[in-house]
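Engineer: next input, structure requested:
(chains A and B)
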Amino acid sequence: MDKRECINLIKQHFEIQSSVASLKNPDFELKSHIFFYNNLFKEVNEIRILRVKSKNAKDNIMFDIYYVSDEFEGLFHGYFRIKTESDSANKIFEDVSKMCTDLSEYMYYVYQNSELLKIYLISLDIQSSLEQCDMQNDAGGFEDIKKSIYKEIADYDQIELSSSILDRRFNKKNIYNFIVFNSKCSEIVKMFLLNLLSNKYSNNICMVNWKSKFKNYIYVNSNSIYFNGNKQLSVFSLLDSAVLGSFVMFVKFDFDFEGGVNSGKTINKR
Amino acid sequence: MGKQLIKGEKIDINKINGHSNKFVIDITCKSDNENTFDIDAFICVCETNNRISKKGIIFYNNPESTEKSIWFEDGCADNIEKKKEFDIDLNSVPANISKLIIGYSIYKSKNNLDKQMLVNIKLRLINSIMQEEVFSMDIQSDIIVNNVGVIGEIYKYKEFWKFNAIEYNSTSDLISTIKILYNIEVY
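Structural biologist: As a prediction, the model looks like this:
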């Protein structure tokens, strides 16, 4: 299913209501920069702008969309934060990013990454969808990851650690450089960077350089993000588990130096 | 205090560095404006056929060259002074390398930026054994206008390594600037 078909299907089964007087007839095509350049929204840090509900009230899938007034050159001018308001919505959004800049791209991304939403949009019965959907509980896996990371930190001496870890004070700069030096980031990478920049994860991420010997880390290049080569594991759930379990996730950036004027001009290795 | 180089001046490193090819390139940047910017130093390892491998760009995220001849270290970074260092052993640089291009990029945080903001960037070559400054170079850059700069290059000339003081500021990005100056390919 392509993005257009997906959004049409979501529109058929979900209603979207504005929470602000100036936003009439909202839809899933909203982009955050529209609010950023609107003087009305300049002075607020965060405001609920939309409530989305399943048309079938019995299913009680409900989530709110907040606009956050912030900017980061090259990445976003304002962004949306998704806050789930019901248990079924919690389940649908369990393994996906809850921040985005483009609602239609985001809803399509959620559709592609939430088995529960895919089944629900066909069955139109959340109970039946939950029964059919094998909701994996990754808690045990995340606990193992936490132990592996702790064990790994204990294995290295102070010099090895300090030569691998990048100064946390410069996380913003490191992300900026990654965007500027690299080729254009994919939507999922943009969402991941957006999450890294938020206060929510700032105490639970640690950027390490390319030469670090850590085996447990989130790998980021312009197109993809994954943990320890495992593309099935949701890095967004992993970040949430790091906050809940109070542990640190290492993040390693792969620079391709194809940004700037060089953007899109890949020179093949001879 | 070592010799003070000016733009365009060339110097034989081996001769001036006590016949040693081991030294530290120290880049410090001072400004009165607090918390408004940071600089990142880069060494681009250029091969004889004017090509630079992506893994041959040495900076904070890739602090060690493949054959361990260049090692980057982020020095102290307070609100007033930022310091970056490269430990270099030219004896370990592979034979197919013709030059090391030394540059920097500027990161500007958006707050408190004036119309003009001049910063002083100083490059020093320090003898690793004696810990003495061999030569230095002073550069002034308006970081509101400029995004990157190429400070100098260490290049091989008839088996001898020389330093050429370049001092070139640019509004473009680092790789594009180096491509313009050197007509190189990045692979």
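Engineer: ends of stretch B:28-47, what's the gap?
Structural biologist: Using CA to CA, to the nearest Å, the end-to-end distance of stretch B:28-47 comes to 27 Å.
Engineer: buried ones in that stretch?
Structural biologist: Across stretch B:28-47, burial judged by 16 or more other CB atoms under 10 Å in any protein chain shown covers B:28-29, B:31, B:36-47. The way it works is simple: take the backbone N, C-alpha and C, and place the C-beta from them, glycine included.
Engineer: return the distance of it from the chain's centre.
Structural biologist: Relative to its chain's centre, stretch B:28-47 lies at 9 Å (CA atoms, centre = their mean, to the nearest Å).
Engineer: that stretch near chain A anywhere?
Structural biologist: Yes. Contact between stretch B:28-47 and chain A is present through B:38, B:40 (criterion: CB under 8 Å from any CB of the partner chain).
Engineer: which single one of the buried residues of stretch B:28-47 is nearest to chain A?
Structural biologist: The closest of the buried residues of stretch B:28-47 to chain A turns out to be B:D38 (CB to the nearest CB; 5.6 Å).
Engineer: what's the helix or strand containing the closest one packed up against?
Structural biologist: Here B:D38, judged by DSSP states H and E, is contained in strand B:37-47. When contacts are defined as 3 or more CB pairs under 8 Å, 6 or more residues apart in numbering or on different chains; DSSP states H and E, strand B:37-47 sits against helix A:171-181, strand B:22-30, strand B:51-58, strand B:70-77, strand B:81-89, strand B:97-108, strand B:118-127, helix B:174-182.
Engineer: tell me the helices and strands packed up against the fifth one.
Structural biologist: For strand B:81-89, the contact count by 3+ CB pairs under 8 Å, 6+ apart identifies strand B:22-30, strand B:37-47, strand B:70-77, strand B:97-108 as packing neighbours.
Engineer: repeat that for the first one.
Structural biologist: In this structure, helix A:171-181 makes packing contacts with strand A:62-72, helix A:187-197, strand A:205-208, strand B:37-47, strand B:97-108, judged by 3+ CB pairs under 8 Å, 6+ apart.
Engineer: make CSV out of those and add distance to A:E94 and mean pLDDT.
Structural biologist: Shown next, in CSV, are those (distance: least, CB to CB, whole Å; pLDDT from 0 to 100):
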stretch, distance to A:E94, mean pLDDT
strand A:62-72, 12, 95
helix A:187-197, 15, 94
strand A:205-208, 20, 96
strand B:37-47, 37, 93
strand B:97-108, 36, 94
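Engineer: if we can go back for a sec, okay if I get the helices and strands packed on strand B:81-89 as TSV plus distance to A:N38?
Structural biologist: Output for the helices and strands packed on strand B:81-89, formatted as TSV (distance: least, CB to CB, whole Å):
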stretch	distance to A:N38
strand B:22-30	38
strand B:37-47	30
strand B:70-77	37
strand B:97-108	26
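Engineer: ok, which of the ones you listed comes nearest A:I34?
Structural biologist: Among these, the nearest to A:I34 by CB to CB is strand B:97-108 (26.2 Å).
Engineer: next, the angle from that closest one to helix A:171-181.
Structural biologist: Taking axes from the mean of the first three to the mean of the last three CA atoms, to 10 degrees, one finds strand B:97-108 and helix A:171-181 inclined to each other by 120 degrees.
Engineer: strand B:97-108 - contacts with which helices or strands?
Structural biologist: helix A:171-181, strand B:22-30, strand B:37-47, strand B:81-89, strand B:148-157, helix B:174-182.
Engineer: centre of the chain to it, how far?
Structural biologist: So, by CA atoms, centre = their mean, the centroid of strand B:97-108 is 5 Å from its chain's centroid.
Engineer: cool, and stretch A:10-23?
Structural biologist: The answer for stretch A:10-23 is 22 Å, by CA atoms, centre = their mean.
Engineer: still on that earlier bit, closest one to B:W71 among the helices and strands packed on helix A:171-181?
Structural biologist: Proximity to B:W71 (CB to CB) singles out strand B:37-47 among the helices and strands packed on helix A:171-181, at 10.1 Å.
Engineer: tell me the strands beside that closest one, with direction?
Structural biologist: According to DSSP bridges, strand B:37-47 forms sheet pairs with strand B:51-58 (antiparallel), strand B:97-108 (antiparallel).
Engineer: okay, buried residues for the helix or strand encompassing A:L238 please.
Structural biologist: In this assignment (DSSP H and E), A:L238 forms part of helix A:235-244. Residues A:235-242 are the ones in helix A:235-244 that count as buried (16+ other CB under 10 Å).
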